[in-house]
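Undergrad: fold the stuff below for me.
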Amino acid sequence: MKNNSNENSLIKVNENSFFYKIKNFFRNLFGKKESNITPIENQVLKTQEITNNKRDSFRETVTNIENDETRLLKLQKQFDNGEITEEELTQKQIEDLENLYNKQIEELQKSNELRKEKIKNSKYGSQFFDKIKAIETDETRLLKLQKSYESGEVKEEDLTDEQVNKLLELYQDQIDGLRISNERRKQKLLEYREKMKKAI
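TA: Purely as a prediction, here's the structure:
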């Protein structure tokens, strides 16, 4: 008896019948469409939609950051190459460049510290640092000798042949560096002159 009442309460719908199709047509027409989605499925769909929106927003943010960073790096390259002068930059661009330089310096210092640690922890690390310190002291000694020679405290007769040779090499390096620096300045001045000619 119990089974019969359950069977009677559930009416089997024939979805292929003519009346069922007409009923669905009018429901769809007037916006009373039956939803076959359960509340749980509906919640899952909403969660997926929110997740997709967050992903899209995140991607857009990352793209904007990448675009800003690439623009700033291009600006830095132009500034370093002398294509743009500080006068041509806005205050915000100057601040952004300063922040970028500070960030790069900080990252370089961290990277150098990590390298130093790796070298120290390696098998021949201490010997390597001793050699570097010796090189530094040789350079500082040579620069002090150059200063003493130029101020007249030390005369050429007081120097050994090795010291004379090292001083000559130092002067040659300094002359080469000065020549390169002057070439860069000359190039910049020529570029500025060309810009001025075009502006007139």
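
Undergrad: state the mean pLDDT of the helix or strand encompassing residue 75.
TA: Applying DSSP states H and E as the criterion places residue 75 in helix 39-80. Averaged across helix 39-80, the pLDDT comes to 75.

Undergrad: again, but for stretch 172-183
TA: 88.

Undergrad: mind listing what's buried along that stretch?
TA: Buried residues in stretch 172-183, counted by 16 or more other C-beta atoms under 10 Å: none are found. Every residue, glycine included, has its C-beta placed from N, CA and C.

Undergrad: helices or strands up against the helix holding residue 75?
TA: Other elements packing on helix 39-80 under the criterion 3 or more C-beta pairs under 8 Å, 6 or more residues apart in numbering; DSSP states H and E are helix 91-121.

Undergrad: after the helix it packs on comes which helix or strand?
TA: In N-to-C order, the element after helix 91-121 by DSSP H and E is helix 125-151.

Undergrad: how far out from the middle of the chain is the helix holding residue 75?
TA: 16 Å (C-alpha atoms, centre = their mean, to the nearest Å).

Undergrad: could you give the angle of it to helix 91-121?
TA: Orientation check (axes from the mean of the first three to the mean of the last three C-alpha atoms, to 10 degrees): helix 39-80 against helix 91-121 gives 90 degrees.

Undergrad: quick check: the gap between the residue nearest the centre of the chain and residue 165.
TA: The centre of the chain sits closest to residue 69, judged by C-alpha atoms, centre = their mean, with a distance of 6.1 Å. For residue 69, the distance to residue 165 equals 49 Å [C-beta to C-beta, to the nearest Å].

Undergrad: for residue 121, same thing?
TA: 38 Å.

Undergrad: in terms of packing, which of the two has more residues around it?
TA: residue 165 (11 against 8; other C-beta atoms under 10 Å).

Undergrad: quick one: what helix or strand has the more buried one in it?
TA: Per DSSP H and E: helix 161-199 holds residue 165.

Undergrad: any idea how far residue 17 lies from residue 124?
TA: Distance from residue 17 to residue 124, by C-beta to C-beta: 90 Å.
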